[in-house]
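Visitor: Turn this into a structure:
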Amino acid sequence: MAVKLSKKELKQPDAFQSAMEVIMNYIAENKIRFYAIVTAVILSAVITFGIYMYWSYYQSSALDMYAKARSDLARNIGNPDAAQINIKIFQELIAKYPHSWSARMSHYHLGNLYYSIGEVDNAITEYKKFVSSSRSDKAGVKFLALTSLGYCYEARKDYQVALEYYKKAQKSDSVGFESIGFRNIARAYEALNDKKNALENYKKALQKTNDPFMTVFIKRKISFLS
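Guide: Residues are numbered from 1 along each chain as shown. Next comes the predicted model:
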């Protein structure tokens, strides 16, 4: 059954209609300002969408190049000639997509490649670039980069600096790598003739290791230093 409206209700303007009249009156009185606001909103949306699309394409293109470089790297492990080719690929990726995740990871791989062919100074430079640019690290790559810096300085026989990097590595997200970290610290202390701290860290390494071969090795170290 239809609802009858009172005379009072019929005379009252509809709320939506009243709101529309206010808006239309405002637009009529402020046409230039209104169109400027609408234009600004549309332009902002277009620019935001354009940036999003460009950034997606940028990251995707960098990732494609990175995947190919990683694939070549895996196929040519231990090949010095291939290492030089891969170095150029990673350098090109960094130059072309410097702000991508792939470029940050390329610094780490460059460090590994330079270290593998004996170019320790270049390896140190690339590892440091990776460490300075890395963000949250749940995969342990920062631990590996810091550890690799320790190896580089150990190769230079600069055991004090190597020790500092091993300690930094152990303070990073080192889940699953604790035994390696403690062994590295112990070895650096041992090279510095600090038997007390070397022994302490070998004992910590022993508590964290599940490798039977490494267990025997660490126990020999502990016995020797004791």
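
Visitor: Can you pull the poorly scored residue ranges out of the protein?
Guide: 1-58, 72-80, 134-139 (pLDDT under 70).

Visitor: Helices along that one, start to end?
Guide: All helices of the chain, identified by DSSP state H, fall at 7-11, 15-29, 31-75, 80-96, 101-116, 120-133, 141-155, 159-171, 178-191, 195-208, 212-225.

Visitor: Could you export those as JSON lines, including mean neighbour count?
Guide: (C-beta placed from N, C-alpha, C; glycine too.) As requested, the helices of the chain are exported to JSON lines (neighbours: other CB atoms under 10 Å):
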{"stretch": "helix 7-11", "mean neighbour count": "7"}
{"stretch": "helix 15-29", "mean neighbour count": "10"}
{"stretch": "helix 31-75", "mean neighbour count": "12"}
{"stretch": "helix 80-96", "mean neighbour count": "16"}
{"stretch": "helix 101-116", "mean neighbour count": "21"}
{"stretch": "helix 120-133", "mean neighbour count": "18"}
{"stretch": "helix 141-155", "mean neighbour count": "22"}
{"stretch": "helix 159-171", "mean neighbour count": "19"}
{"stretch": "helix 178-191", "mean neighbour count": "22"}
{"stretch": "helix 195-208", "mean neighbour count": "18"}
{"stretch": "helix 212-225", "mean neighbour count": "14"}
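
Visitor: what's around Glu119, how many residues?
Guide: Neighbours of Glu119 under the rule other CB atoms under 10 Å: 16.

Visitor: Roughly how far does it sit from Asp64?
Guide: 28 Å (CB to CB, to the nearest Å).

Visitor: same deal with Thr215?
Guide: 43 Å.

Visitor: for the residue lying closest to Leu192 once chain neighbours are set aside, what are its contacts?
Guide: Closest residue to Leu192 apart from its sequence neighbours, by CB to CB, 6 or more residues apart in numbering: Tyr159 at 5.2 Å. Tyr159 sits next to Tyr153, Ala188, Ala191, Leu192 when contact means CB atoms under 8 Å, 6 or more residues apart in numbering.
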